[in-house]
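[1] need coordinates for the following:
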Amino acid sequence: MDYSEKWGSSIDEATRLALEELGVTIDDVEVIVLEEPSRGFFGIGSKLAHVRVEKKKVETPVVKEVKAEPKKEVKPSKKPNNNGKAKKDNVKKDVKKPEKVSEPVKASSKDEYADMETVTEHAALTFLNDLVRDMGIDVTITCKVKDDLVYVDIEGKDSSTVIGKRGQTLDSIQYLTSLVVNKGEGEYVRVVVDAEHYRAKREKTLEQLAQRLASKVKKSRKPMKLEPMNPYERKVIHATLQNHPYVTTRSEGEEPYRRVIIELKK
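    Numbering: from 1, shown residues only. Down below sits the predicted model:
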């Protein structure tokens, strides 16, 4: 492993975690700060420090080219072979195979909620507009409703603050919005809060991660522990590999540190 990306409450903590994973000292690496930590508003919108620690490249010594002495010309034998003809060497041309290009992560269609009615007044919209104003962030909020579903989309230059580390802040905002919408005695309404279509992108990324780690487990025959995930993300991993011929999945630990284990089938 040539690099490691880690989060922490501070840049020093995130760097320490990355150094431990790589098994090197600070003198052997270059530290790139991807995101500065921030405290947020009442804990909402707070961001952890995010760093990328890369091993320093070792310069390869220059090897001088040594010219070979010219070979003496060898005259071909006049003695013919059995067929009276010289044999021709079969030379195979080196045909390069086209490089495999990995597909970019695709989000689900933006028209997924196209048949829902856009509203300008709703409890979810009022709550979220007040929240982002108090947080001091610049975003645009769109609210759509249909039957027992409310879909809220947040877009803008500060949408990454709303998303947070692996969507944790977005999940918290969705939970609070659901409490506000369902505080009455009416029928339960499902609330989905999204930002820049993050949820569809994250789901696709998790599916690809699950398949990649399953291949590693099959090859190494050793189980792999994933980072702690929320229940929805663990469900995506389990669902992706539920019919895999070689590996199985299980969860262990307590919330919020519960994680998925991928291991060989017995």
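[2] dihedrals phi and psi, the nearest residue in space to Arg259 that is not next to it in sequence?
    Closest residue to Arg259 apart from its sequence neighbours, by C-beta to C-beta, 6 or more residues apart in numbering: Pro228 at 4.8 Å. Every C-beta, even on glycine, is put in place using the N, C-alpha and C of the backbone. Pro228 adopts backbone torsions of phi -60, psi 140, taken as degrees, to the nearest 10.
[3] right, and Pro228 touches Pro256 too?
    Yes. At 6.4 Å, Pro228 and Pro256 qualify as touching, with contact defined as C-beta atoms under 8 Å.
[4] which one of these two has more residues nearby?
    Neighbours per residue, other C-beta atoms under 10 Å: of Pro228 and Pro256, the larger number sits with Pro228, 16 against 9.
[5] show me where the stretch 1-150 of the chain has strands.
    3-8, 29-35, 49-55, 117-119, 140-146, 149-155 (DSSP state E, counting those that start in this stretch).
[6] got JSON lines for the ones you listed, with distance to Asn129 and mean pLDDT too?
    Shown next, in JSON lines, are these (distance: least, C-beta to C-beta, whole Å; pLDDT from 0 to 100):
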{"stretch": "strand 3-8", "distance to Asn129": "29", "mean pLDDT": "81"}
{"stretch": "strand 29-35", "distance to Asn129": "26", "mean pLDDT": "83"}
{"stretch": "strand 49-55", "distance to Asn129": "28", "mean pLDDT": "83"}
{"stretch": "strand 117-119", "distance to Asn129": "13", "mean pLDDT": "91"}
{"stretch": "strand 140-146", "distance to Asn129": "6", "mean pLDDT": "94"}
{"stretch": "strand 149-155", "distance to Asn129": "10", "mean pLDDT": "94"}
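[7] where's Tyr151 relative to Ile137, distance?
    Distance, Tyr151 to Ile137, using C-beta to C-beta, to the nearest Å: 20 Å.
[8] that should have said Pro228, apologies.
    26 Å.
[9] swap in Thr249?
    Taken as C-beta to C-beta, the span from Thr249 to Ile137 is 37 Å.
[10] the more surrounded of those two?
    Thr249 (22 against 19).
[11] would you confirm that Glu203 contacts Lys235?
    No. Glu203 is beyond contact range of Lys235, at 10.0 Å (criterion: C-beta under 8 Å).
[12] low pLDDT regions in this structure?
    1, 38-47, 58-112 (pLDDT under 70).
[13] I'd like to know which elements the biggest helix by length in it is packed against.
    In the chain, with assignment by DSSP state H, the single longest helix is helix 198-220. Helix 198-220 sits against strand 224-225, helix 231-241, strand 247-252, strand 259-264, with contacts defined as 3 or more C-beta pairs under 8 Å, 6 or more residues apart in numbering; DSSP states H and E.
[14] and Val192, which of those is closest to it?
    helix 231-241 (11.1 Å; C-beta to C-beta).
[15] quick one: distance of the closest one to the chain centre.
    14 Å (C-alpha atoms, centre = their mean, to the nearest Å).
[16] and what of stretch 165-178?
    18 Å.
[17] which of the residues in it are buried?
    166-167, 169-174, 176-178 (16 or more other C-beta atoms under 10 Å).
[18] fine, thanks again, bye for now.
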